[in-house]
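Undergrad: next one to model:
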Amino acid sequence: MFRRVALAALPLLIAGCAGGRLGEKTAQEKREAARVARERRADRFAPVRLRQENLKSTLSDEEGRPIWEATSKLIEVEEKTKTGRLEGARFIFYDNGKPALEARAPLVTANYKEKTVQLRGGVEGISLTGGYGFRAKEAEWEYEKKQVRASGGVTLWREEWRVVGDELTGDTALNRVRLVGKPARLMVTQKSK
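TA: Got it, this is the predicted structure:
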(Lines give C-alpha, C1' and ligand atoms only; values in the text may rest on other atoms or scores of the structure.)
Protein backbone atom coordinates (compact mmCIF):
# COMPACT_ATOMS: atom_id res chain seq x y z
CA MET A 1 0.00 0.00 0.00
CA PHE A 2 2.83 2.38 0.92
CA ARG A 3 4.49 1.74 -2.47
CA ARG A 4 1.31 2.67 -4.38
CA VAL A 5 0.94 5.93 -2.50
CA ALA A 6 4.62 6.68 -2.96
CA LEU A 7 4.42 5.98 -6.70
CA ALA A 8 1.30 8.13 -7.05
CA ALA A 9 3.00 10.99 -5.22
CA LEU A 10 6.19 10.72 -7.28
CA PRO A 11 4.97 13.00 -10.17
CA LEU A 12 3.89 15.65 -7.68
CA LEU A 13 7.24 15.49 -5.97
CA ILE A 14 9.05 15.84 -9.32
CA ALA A 15 6.83 18.79 -10.28
CA GLY A 16 7.59 20.44 -6.97
CA CYS A 17 11.30 20.03 -7.55
CA ALA A 18 10.95 21.47 -11.06
CA GLY A 19 9.59 24.72 -9.73
CA GLY A 20 5.85 23.78 -9.70
CA ARG A 21 5.50 23.76 -13.49
CA LEU A 22 3.27 20.70 -13.84
CA GLY A 23 0.19 21.83 -15.73
CA GLU A 24 1.38 25.43 -16.02
CA LYS A 25 2.40 27.01 -19.33
CA THR A 26 5.15 29.48 -19.96
CA ALA A 27 4.39 32.79 -21.64
CA GLN A 28 5.85 31.41 -24.88
CA GLU A 29 3.59 28.34 -24.73
CA LYS A 30 0.55 30.54 -24.05
CA ARG A 31 1.35 32.76 -27.05
CA GLU A 32 1.76 29.71 -29.27
CA ALA A 33 -1.54 28.22 -28.06
CA ALA A 34 -3.31 31.55 -28.72
CA ARG A 35 -1.81 31.72 -32.23
CA VAL A 36 -2.98 28.19 -33.04
CA ALA A 37 -6.48 28.98 -31.72
CA ARG A 38 -6.65 32.14 -33.90
CA GLU A 39 -5.62 30.18 -36.98
CA ARG A 40 -8.26 27.56 -36.31
CA ARG A 41 -10.96 30.24 -35.93
CA ALA A 42 -9.76 31.97 -39.10
CA ASP A 43 -9.91 28.70 -41.03
CA ARG A 44 -13.38 27.96 -39.72
CA PHE A 45 -14.72 31.40 -40.63
CA ALA A 46 -12.70 32.04 -43.77
CA PRO A 47 -14.81 33.48 -46.60
CA VAL A 48 -16.12 30.76 -48.83
CA ARG A 49 -16.57 31.64 -52.47
CA LEU A 50 -18.53 29.42 -54.79
CA ARG A 51 -18.29 29.92 -58.52
CA GLN A 52 -20.69 27.94 -60.69
CA GLU A 53 -21.80 28.18 -64.30
CA ASN A 54 -25.32 27.49 -65.64
CA LEU A 55 -26.83 27.27 -62.19
CA LYS A 56 -30.45 27.20 -61.08
CA SER A 57 -31.18 28.03 -57.45
CA THR A 58 -34.24 28.65 -55.32
CA LEU A 59 -34.57 30.60 -52.06
CA SER A 60 -37.51 29.59 -49.84
CA ASP A 61 -39.10 31.05 -46.74
CA GLU A 62 -39.40 29.33 -43.35
CA GLU A 63 -42.54 27.50 -44.50
CA GLY A 64 -40.86 26.15 -47.62
CA ARG A 65 -42.62 28.47 -50.08
CA PRO A 66 -40.35 29.83 -52.83
CA ILE A 67 -39.23 33.45 -52.54
CA TRP A 68 -37.26 33.52 -55.78
CA GLU A 69 -35.92 31.19 -58.38
CA ALA A 70 -32.81 32.17 -60.32
CA THR A 71 -30.98 30.80 -63.32
CA SER A 72 -27.79 32.36 -64.60
CA LYS A 73 -24.82 31.83 -66.83
CA LEU A 74 -22.48 32.46 -63.90
CA ILE A 75 -22.93 32.84 -60.15
CA GLU A 76 -20.41 33.67 -57.45
CA VAL A 77 -21.58 33.36 -53.86
CA GLU A 78 -19.75 34.70 -50.83
CA GLU A 79 -20.77 32.79 -47.72
CA LYS A 80 -19.59 35.38 -45.20
CA THR A 81 -21.77 38.22 -46.56
CA LYS A 82 -24.57 35.93 -47.83
CA THR A 83 -24.50 37.62 -51.23
CA GLY A 84 -24.40 36.32 -54.75
CA ARG A 85 -23.26 37.99 -57.96
CA LEU A 86 -24.95 36.65 -61.06
CA GLU A 87 -24.30 37.29 -64.74
CA GLY A 88 -26.91 36.76 -67.44
CA ALA A 89 -29.58 36.13 -64.82
CA ARG A 90 -33.27 35.32 -65.03
CA PHE A 91 -35.28 35.60 -61.82
CA ILE A 92 -38.82 34.57 -61.01
CA PHE A 93 -40.06 36.41 -57.93
CA TYR A 94 -42.86 34.84 -55.91
CA ASP A 95 -45.69 36.43 -53.94
CA ASN A 96 -47.18 34.15 -51.27
CA GLY A 97 -45.68 31.11 -52.98
CA LYS A 98 -47.06 31.96 -56.45
CA PRO A 99 -44.96 33.20 -59.41
CA ALA A 100 -45.53 36.94 -59.79
CA LEU A 101 -42.73 38.56 -61.80
CA GLU A 102 -40.05 37.37 -64.21
CA ALA A 103 -37.03 39.66 -64.54
CA ARG A 104 -33.86 39.44 -66.65
CA ALA A 105 -30.65 41.43 -66.34
CA PRO A 106 -27.00 41.12 -67.35
CA LEU A 107 -25.73 41.82 -63.79
CA VAL A 108 -27.47 40.93 -60.54
CA THR A 109 -26.52 41.11 -56.87
CA ALA A 110 -28.68 38.99 -54.56
CA ASN A 111 -28.56 39.26 -50.77
CA TYR A 112 -29.77 35.95 -49.37
CA LYS A 113 -29.91 37.18 -45.77
CA GLU A 114 -31.90 40.37 -46.43
CA LYS A 115 -33.83 38.78 -49.35
CA THR A 116 -33.17 41.64 -51.77
CA VAL A 117 -32.12 41.58 -55.41
CA GLN A 118 -30.47 44.39 -57.37
CA LEU A 119 -30.61 44.12 -61.17
CA ARG A 120 -28.39 46.30 -63.39
CA GLY A 121 -27.26 46.80 -66.95
CA GLY A 122 -30.68 46.91 -68.65
CA VAL A 123 -33.54 45.17 -66.88
CA GLU A 124 -36.68 43.68 -68.36
CA GLY A 125 -39.52 42.53 -66.13
CA ILE A 126 -42.82 40.86 -67.02
CA SER A 127 -45.74 40.38 -64.67
CA LEU A 128 -46.81 36.73 -64.59
CA THR A 129 -50.33 37.66 -63.45
CA GLY A 130 -51.32 40.88 -65.20
CA GLY A 131 -49.65 41.03 -68.60
CA TYR A 132 -47.67 44.17 -67.79
CA GLY A 133 -43.99 44.59 -68.40
CA PHE A 134 -41.25 47.14 -67.85
CA ARG A 135 -37.77 48.03 -69.05
CA ALA A 136 -35.26 50.11 -67.11
CA LYS A 137 -31.54 50.62 -66.59
CA GLU A 138 -31.74 49.13 -63.08
CA ALA A 139 -34.22 47.69 -60.63
CA GLU A 140 -34.41 46.40 -57.06
CA TRP A 141 -36.78 43.87 -55.52
CA GLU A 142 -37.43 43.55 -51.76
CA TYR A 143 -39.11 40.48 -50.30
CA GLU A 144 -40.14 42.06 -46.98
CA LYS A 145 -41.90 44.97 -48.72
CA LYS A 146 -43.06 42.77 -51.64
CA GLN A 147 -42.04 45.64 -53.86
CA VAL A 148 -40.11 46.31 -57.05
CA ARG A 149 -38.46 49.64 -57.85
CA ALA A 150 -36.96 50.54 -61.21
CA SER A 151 -35.13 53.64 -62.38
CA GLY A 152 -33.38 55.07 -65.40
CA GLY A 153 -35.45 55.45 -68.56
CA VAL A 154 -38.36 53.32 -67.37
CA THR A 155 -40.94 52.09 -69.87
CA LEU A 156 -44.08 50.40 -68.51
CA TRP A 157 -46.03 48.56 -71.21
CA ARG A 158 -49.02 46.40 -71.92
CA GLU A 159 -50.07 45.22 -75.39
CA GLU A 160 -51.12 48.44 -77.16
CA TRP A 161 -49.84 51.13 -74.80
CA ARG A 162 -46.71 52.18 -72.99
CA VAL A 163 -45.82 54.83 -70.44
CA VAL A 164 -42.35 56.31 -70.14
CA GLY A 165 -40.98 57.83 -66.95
CA ASP A 166 -37.98 58.09 -64.65
CA GLU A 167 -38.92 55.85 -61.72
CA LEU A 168 -41.33 52.99 -61.18
CA THR A 169 -42.51 51.58 -57.86
CA GLY A 170 -44.95 48.70 -57.65
CA ASP A 171 -45.93 45.48 -56.00
CA THR A 172 -44.19 42.29 -57.11
CA ALA A 173 -46.84 41.36 -59.70
CA LEU A 174 -47.06 44.95 -61.05
CA ASN A 175 -50.77 45.06 -60.21
CA ARG A 176 -50.29 48.41 -58.43
CA VAL A 177 -47.71 50.65 -60.04
CA ARG A 178 -46.60 54.24 -59.63
CA LEU A 179 -44.55 55.76 -62.44
CA VAL A 180 -43.11 59.25 -62.14
CA GLY A 181 -41.17 61.26 -64.70
CA LYS A 182 -40.32 64.66 -66.02
CA PRO A 183 -42.82 64.39 -67.65
CA ALA A 184 -44.26 60.88 -67.76
CA ARG A 185 -45.58 60.20 -71.27
CA LEU A 186 -48.31 57.82 -72.45
CA MET A 187 -48.10 56.36 -75.94
CA VAL A 188 -50.91 54.31 -77.49
CA THR A 189 -50.52 52.26 -80.64
CA GLN A 190 -53.45 51.13 -82.77
CA LYS A 191 -53.83 47.44 -83.41
CA SER A 192 -53.92 46.74 -87.12
CA LYS A 193 -57.02 44.94 -88.38
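
Undergrad: how about low-confidence regions in the protein?
TA: 1-24, 39-53, 183-185, 189-193 (pLDDT under 70).

Undergrad: what are the boundaries of the helices in it?
TA: 2-17, 27-44 (DSSP state H).

Undergrad: correct me, but Thr129 touches Tyr94?
TA: No. Thr129 lies out of contact with Tyr94 (Cβ atoms under 8 Å); the separation is 11.2 Å. From N, CA and C alone the C-beta is placed, and that goes for glycine too.

Undergrad: shared neighbours, the two?
TA: Ala100 (Cβ atoms under 8 Å, 6 or more residues apart in numbering).

Undergrad: once you drop chain neighbours, what's closest to the most centrally placed residue in the chain?
TA: Nearest to the mean C-alpha position of the chain, by Cα atoms, centre = their mean, lies Asn111 at 2.2 Å. Nearest residue to Asn111, sequence neighbours excluded (Cβ to Cβ, 6 or more residues apart in numbering): Thr83, at 5.2 Å.

Undergrad: tell me what the residue lying closest to Leu74 once chain neighbours are set aside is bridged to.
TA: Nearest residue to Leu74 in three dimensions, chain neighbours excluded: Glu87, at 4.4 Å (Cβ to Cβ, 6+ apart). On the basis of DSSP bridges, Glu87 is bridged to Leu74, Leu107.

Undergrad: show me the contacts for the residue nearest to Asn111.
TA: Val77, Thr109, Ala110, Asn111, Tyr112.

Undergrad: surely Ser124 touches Glu138?
TA: Careful, residue 124 is Glu; it's not Ser. No. Glu124 is not in contact with Glu138 according to Cβ under 8 Å; the separation is 11.8 Å.

Undergrad: contacting residues for the residue nearest to Leu74?
TA: Here Glu87 is in contact with Ser72, Lys73, Leu74, Ile75, Pro106, Leu107, Val108 (Cβ under 8 Å, 6+ apart).

Undergrad: what is the nearest of the residues you listed to Leu55?
TA: Taking Cβ to Cβ as the measure, Leu55 lies nearest Ile75 of the contacts of Glu87, at 4.9 Å.

Undergrad: can you get me a residue count around that closest one?
TA: Residues lying near Ile75 (other Cβ atoms under 10 Å) number 23.

Undergrad: how much space separates it from Glu29?
TA: 46 Å (Cβ to Cβ, to the nearest Å).

Undergrad: could you do Ala70 as well?
TA: Applying Cβ to Cβ to Ala70 and Glu29 gives a distance of 51 Å.
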